[in-house]
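> take a look and give me a structure for this.
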Amino acid sequence: MVAELQVAAAGPEWLPVAAEVAQRLGLECLPEPVDRPAELASPALLVLVSGEGISLQATGKKAPGPVRVDWVHGRSGHRRRQGGAELLVKAIGVGRASRPLRILDATAGLGEDALVLAGFDCELVLFERSPVIAELLADGMARAAHEPALSDRLARMQLERGDATHWLAAHPEAVDVVYLDPMFPEKRNSAAVRKEMQLARSVVGDDGDAALLLETGLAAARHRVVVKRPRRADPLPGPEPATSVEGRSSRFDVYSRRALP
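All right, here's what the predicted structure looks like:
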């Protein structure tokens with residue numbers, strides 16, 4: 001179930017920007033600033049505009065802190081600096097290609113994986129169909145563009161707001177690799193997940209068309225499709241992956257069409 005969601009400003013100076021964001025998203029904007037989300041009983045979630053950017057913020061007591069796209073600090077910054085050890089990089093085949101790869105990230109989310117791949121000179125098209133998540137991603141990319149260490153990566157990334165399925169179906173063999181990291185139904189006995197994933201799930205819901213994404217992705221990819229899965233989960237319905245790159249909690253299923261360039 002998708003949570004109730006409204007737009008708010010963290011201070012009076014941000015009310016005009018919050019109104020613009022609300023208009024883009026087709027959401028209600030709270031008329032007064034919200035500086036203490038923990039004191040609100042509703043809505044369940046806020047798209048909060050502040051001097052630090054646009055974030056997704058749960059309300060109520062014991063609510064986790066805000067989630068925003070921050071590619072300079074924290075987890076994203078660490079992954080950016082340690083990108084060479086990424087299992088994703090191996091699954092995509094960056095080290096085996098003779099030229100930079102053109103990749104379509106069909107489920108971009110908060111863009112962490114795309115940021116890593118852009119560090120290997122890959123050209124990326126990022127699709128995000130959730131308007132709220134796409135708003136966070138666009139805001140984070142705009143802020144990151146001012147960081148000298150990230151400007152080259154940002155120049156290789158293009159964000160598209162919308163569903164990748166139609167684009168994939170209409171552009172056969174248009175990219176070298178299609179990457180999919182769909183949201184899957186949450187299991188009752190699953191371990192606690194990061195707050196980013198918890199809040200994203202409450203906005204996005206489950207990706208019930210992951211198998212269709214794989215099908216259309218295989219037609220659009222010249223060389224391979226890579227799908228991120230929980231380590232012990234079954235592959236997506238459809239053809240069997242040619243190989244898998246496995247980590248401690250997740251794996252990357254690789255569907256090969258032809259050898260990398």
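
> which helices and strands does the longest helix seen in the chain pack with?
The longest helix of the chain (DSSP state H) is helix 131-144. On a contact count with 3 or more CB pairs under 8 Å, 6 or more residues apart in numbering; DSSP states H and E, helix 131-144 meets helix 15-25, strand 53-58, strand 123-128, strand 157-161, helix 195-204. (C-beta placed from N, C-alpha, C; glycine too.)

> in TSV, list these along with distance to Val245 and mean neighbour count.
Formatted as TSV, the helices and strands packed on helix 131-144 follow (distance: least, CB to CB, whole Å; neighbours: other CB atoms under 10 Å):
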stretch	distance to Val245	mean neighbour count
helix 15-25	36	16
strand 53-58	30	22
strand 123-128	19	23
strand 157-161	23	18
helix 195-204	21	18
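
> who wins for proximity to Leu115 among these?
Among the helices and strands packed on helix 131-144, strand 157-161 comes nearest to Leu115, with 8.0 Å by CB to CB.

> how about residues contacting the closest one?
108, 111, 114-115, 118, 124-129, 131, 134, 137-138, 141, 167 (CB atoms under 8 Å, 6 or more residues apart in numbering).

> narrow those residues to those that are buried.
108, 111, 114-115, 118, 124-129, 134, 137-138, 141, 167 (16 or more other CB atoms under 10 Å).

> angle of whichever strand or helix holds Leu214 against strand 123-128?
For Leu214, the element it lies in under DSSP states H and E is helix 210-220. Angle, helix 210-220 to strand 123-128, by axes from the mean of the first three to the mean of the last three CA atoms, to 10 degrees: 150 degrees.

> so what strands line up beside the following helix or strand past helix 210-220?
Heading C-terminal from helix 210-220, the first helix or strand you meet, by DSSP H and E, is strand 221-230. Using DSSP bridges, strand 221-230 pairs in its sheet with strand 175-180 (parallel), strand 250-256 (antiparallel).

> what would those strands look like in TSV with mean neighbour count and distance to Arg102?
Listed next are the strands paired with strand 221-230 as TSV, based on neighbours: other CB atoms under 10 Å; distance: least, CB to CB, whole Å:
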stretch	mean neighbour count	distance to Arg102
strand 175-180	26	5
strand 250-256	20	17
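
> make CSV out of those strands and add mean pLDDT and distance to Gly93.
As requested, those are exported to CSV (pLDDT from 0 to 100; distance: least, CB to CB, whole Å):
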stretch, mean pLDDT, distance to Gly93
strand 175-180, 98, 7
strand 250-256, 96, 8
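
> now those strands in TSV, with distance to Glu28?
As requested, the strands paired with strand 221-230 are arranged in TSV below (distance: least, CB to CB, whole Å):
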stretch	distance to Glu28
strand 175-180	33
strand 250-256	36
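
> ok, which of the ones you listed comes nearest Pro16?
Closest approach to Pro16 among these (CB to CB): strand 175-180, 36.8 Å.

> export the closest one as CSV, just CAs?
Provided in CSV are the C-alpha atoms of strand 175-180 (Å, rounded to 0.1, in the frame of the first residue of the first chain):
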residue,chain,number,x,y,z
VAL,A,175,22.0,0.3,-25.5
ASP,A,176,24.8,-2.1,-24.6
VAL,A,177,23.4,-3.2,-21.2
VAL,A,178,20.1,-2.9,-19.5
TYR,A,179,20.2,-2.9,-15.7
LEU,A,180,17.2,-3.8,-13.5
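
> and the contacts of that strand?
88, 92-93, 97, 101-107, 113, 117, 125, 168, 210, 213-214, 217-218, 220-228, 260-261.

> which among those end up buried?
Buried members of those, counted by 16+ other CB under 10 Å: 88, 92-93, 97, 101-107, 113, 117, 125, 168, 210, 213-214, 217-218, 220-228, 260.
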